[in-house]
Structure formats: structure tokens, C-alpha cells
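# Need coordinates for the below:
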Amino acid sequence: MDYITAKEASEKWSISERRVQVLCRQGKIPGVYRLGWAWAIPKDATKPKDDRLKNTNEGDTDEF
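Residues are numbered from 1 along each chain as shown. Predicted coordinates for the structure are as follows:
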């Protein structure tokens, strides 16, 4: 299996390298493992869904 670095994943997914590192640490990317100080991310891994975002209109009953 081929692996990429957090920097390569950040460029591929258009997010920061730090965000990729956080996703790795949280276990949100399947098949990832640590090589010393670097993360090895499977080349075919997909960008995880961002659970930090929420729909602000959900459950909003106020209509203008």
C-alpha cells in the first residue's frame, strides 16, 4: 500500500496540514499510522466529513 504525508494530504484535500494531523490523531482517517513524528496516510484515503460544521437553519422555525 502506498502512503502520503500530512502535507501531501493537506494539499490534496485543500485543508491545512495541522488539520490533517488533528484528524489523524482523532482516528478519523482509516488506515493511518504514526512513523516517529510523521503520519503515514493511505494514498487512497478520502477526506473525512467535517463534524465541526453544522446546519444553522436546522430546527429554525422563525420565518421572516
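
# Spell out the residue ranges of the strands in the chain.
3-4, 33-35, 38-42 (DSSP state E).

# Any idea which of the ones you listed gets closest to residue 26?
When the strands of the chain are compared by Cβ to Cβ, strand 38-42 sits nearest residue 26, at 11.8 Å. In this view, the C-beta of every residue, glycine as well, is placed from N, C-alpha and C.

# okay, residue 51: pLDDT?
The model reports residue 51 with a pLDDT of 80.

# how far away is it from residue 38?
25 Å (Cβ to Cβ, to the nearest Å).

# With neighbour numbers in mind, choose between those two.
residue 38 (13 against 8; other Cβ atoms under 10 Å).

# out of everything not next to it in sequence, what's closest to residue 30?
residue 45 (6.8 Å; Cβ to Cβ, 6 or more residues apart in numbering).

# same check, this time on residue 19
Nearest residue to residue 19 in three dimensions, chain neighbours excluded: residue 10, at 7.1 Å (Cβ to Cβ, 6+ apart).

# wait, the one you found sits on residue 17?
Yes - when contacts are counted by Cβ atoms under 8 Å, residue 10 is listed as touching residue 17 (4.2 Å).

# Between these two, which is the more surrounded one?
residue 10 (18 against 15).

# Can you give me the separation between the more buried one and residue 50?
Distance, residue 10 to residue 50, by Cβ to Cβ: 14 Å.

# neighbouring contacts of the helix or strand bottoming out on mean pLDDT in the chain?
The weakest-scoring helix or strand in the chain, judged by mean pLDDT, DSSP states H and E, is strand 33-35 (a mean of 94). Residues from elsewhere that reach strand 33-35 (Cβ atoms under 8 Å, 6 or more residues apart in numbering): 24, 39, 40.
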